[in-house]
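**Student:** starting from these lines, generate the structure:
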Amino acid sequence: MMRTEDLIADFAARPWPATNPALRLAFAMIVGWLVSLVGLVMMLGMPLSAVSETGTTPFALKLGYTIALTLLSAAVALAAGKPGRRLGPASALIALPVAIIAVAAGLELAATPPAGWSGLILGSTSGTCMAAIALASLPIFVAVVWAFRVMAPTRTAVAGFVAGLSSGAAGSVGYALYCPETTASFLLVSYTPGILIPALVGAIIGPRLLRW
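**Tutor:** The predicted structure is shown next:
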């Protein structure tokens, strides 16, 4: 299988507005996500197989949550790539999907006896979920770092964090195509930490990878 770096380099060699940061970032995330999806297919089989068991509403909830986080964090990542740019209140919008899911999870738990909370929160695949999201984010993170080469972030730790966050969120979109869990509580407790793992890694290695 072609490595992410090779695939991006092949596309980048063709006519492309490589100096447009927004287009470059979008292109990188799409290519990285496709590579990630290929890896998921190789490990887990064809996507959407769990939808017949979970139903369309839980699937739509997972997809809406992960796509919203991806778009919002990618927008903040783009802003973080501009020298001296303050992220400002707009970056707080990233917390909005998390807050909505937290409210939904609270309503679930309130309507369920405490004995059933463990099943709502952890399901049967919590550990697998977090690991799968973190692994699925790797090719996307590589692609996002490539996109940052035309940017000039001055706060590289912050830029690394949001680059990892957008990669983790995009990776969770891919895993959502397979996830057999159905509750908002599971989304909050398992998806969110899985998304934060590459974000924290990005914050740590961002000063080395994103300096210019």
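**Student:** flag the shaky bits of this structure, pLDDT-wise.
**Tutor:** For the chain, the stretches with pLDDT under 70 are 1-19.
**Student:** quick one: buried residues of stretch 82-93?
**Tutor:** 85, 87, 91 (16 or more other CB atoms under 10 Å). From N, CA and C alone the C-beta is placed, and that goes for glycine too.
**Student:** can you list contacts of it?
**Tutor:** 21, 72, 75, 76, 79, 80, 151, 152, 153, 154, 158, 162 (CB atoms under 8 Å, 6 or more residues apart in numbering).
**Student:** ok, residue 199 - contacts?
**Tutor:** Per CB under 8 Å, 6+ apart, neighbours of residue 199: 161, 162, 164, 165, 168.
**Student:** please redo it, this time with the cut-off set to 7 Å
**Tutor:** The neighbours of residue 199, taking CB atoms under 7 Å, 6 or more residues apart in numbering as the test, are 161, 164, 165, 168.
**Student:** does it lie in a helix or a strand, and which?
**Tutor:** Here residue 199, judged by DSSP states H and E, is contained in helix 192-209.
**Student:** now the spatially most central residue of the chain, what's its secondary structure?
**Tutor:** Residue closest to the mean C-alpha point of the chain, counted by CA atoms, centre = their mean, is residue 169 at 1.3 Å. Under DSSP: H, G, I helix; E, B strand; the rest coil, residue 169 falls in the helix class.
**Student:** coming back round to it: selecting buried members of the contacts of stretch 82-93 in ChimeraX, what would you type?
**Tutor:** A single ChimeraX command is used to select the members of the contacts of stretch 82-93 judged buried by 16+ other CB under 10 Å:
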select :21,72,75,76,79,80,151,152,153,158,162
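**Student:** pipe the contacts of stretch 82-93 into TSV and attach distance to residue 63 and secondary structure per row.
**Tutor:** Output for these, formatted as TSV (distance: CB to CB, whole Å; DSSP: H, G, I helix; E, B strand; the rest coil):
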residue	distance to residue 63	secondary structure
21	27	helix
72	15	helix
75	19	helix
76	21	helix
79	25	helix
80	25	helix
151	29	coil
152	34	coil
153	30	coil
154	35	coil
158	28	helix
162	21	helix
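**Student:** and which of the contacts of stretch 82-93 is nearest to residue 184?
**Tutor:** Relative to residue 184, the closest of these is residue 72; by CB to CB it sits at 18.3 Å.
**Student:** how near is the closest residue to that closest one other than its chain neighbours to residue 129?
**Tutor:** Excluding its sequence neighbours, the residue lying closest to residue 72 (CB to CB, 6 or more residues apart in numbering) is residue 94, at 4.8 Å. From residue 94 across to residue 129, the span is 20 Å (CB to CB, to the nearest Å).
**Student:** cool, residue 186 as well?
**Tutor:** Counting by CB to CB, the gap from residue 186 to residue 129 is 8 Å.
**Student:** equivalent analysis for residue 187, please.
**Tutor:** In terms of CB to CB, residue 187 sits 9 Å off from residue 129.
**Student:** go on, residue 116?
**Tutor:** Applying CB to CB to residue 116 and residue 129 gives a distance of 19 Å.
**Student:** more neighbours, these two?
**Tutor:** Under the neighbour definition other CB atoms under 10 Å, residue 116 and residue 129 were set side by side, and residue 129 has more, 26 against 12.
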